[in-house]
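Trainee: Next input, structure requested:
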Amino acid sequence: MYCKHCGTKVLDDALFCPSCGKVLQETVSKEQNVVYYEDKKVPKVWEVFSNIGYNFGKWTLIFCWVPILNISLFLCIAIYGLVFSILGTTKAKVNRQKAKSGIIFSSIAMVAILFLYFLYLLCFGSLLNIRFR
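Mentor: From the prediction side, this is the model:
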């Protein structure tokens, strides 16, 4: 592949020309928060949503096993991670795989949090005067 700006030979998957520094595969619009991918407008906010969902899901899955931390806080973060990941999979082009991973991480974290919560109630429910019948 050759740079359309200066004619230098570049790699096929290169994003920028090593000679002139111009963008090769994507062009950033003059409008804020819009990137053109293959002549389609995609707002950057969807890419951000997929990143947020992935990170919320990942960190919730990592830290939900720590018993001293607040269970309800992590359940809320896992739900937010799931929502952002779902929003990220709808229109994101670049980070779609990250958003799908965020859905998986958030779902596993929510199941783990609910399991730990019910385990906590079974173990310490008698101390709180909660009875299951």
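
Trainee: Tell me where this structure has strands.
Mentor: For the chain, the strands defined by DSSP state E occupy 26-28, 34-37, 40-43.

Trainee: Could you pull up the contacting residues of the residue nearest to residue 108 when sequence neighbours are not counted?
Mentor: Once flanking residues are discounted, residue 108 sits nearest to residue 61: 5.8 Å by C-beta to C-beta, 6 or more residues apart in numbering. For the C-beta atoms, the positions are set from N, CA and C on the backbone; glycine is no exception. Residues near residue 61 by C-beta atoms under 8 Å, 6 or more residues apart in numbering: 105, 106, 108, 109, 112.

Trainee: at 10 Å instead, please
Mentor: Counting by C-beta atoms under 10 Å, 6 or more residues apart in numbering, residue 61 makes contact with 74, 78, 81, 102, 104-110, 112-113.

Trainee: pLDDT at it, what is it?
Mentor: pLDDT, the model's per-residue confidence, is 84 for residue 61.

Trainee: just to revisit the earlier point, now list the buried members of the contacts of residue 61.
Mentor: Neighbour-count burial (16 or more other C-beta atoms under 10 Å) applied to the contacts of residue 61 gives 74, 78, 81, 102, 105, 106, 107, 109, 110, 112, 113.
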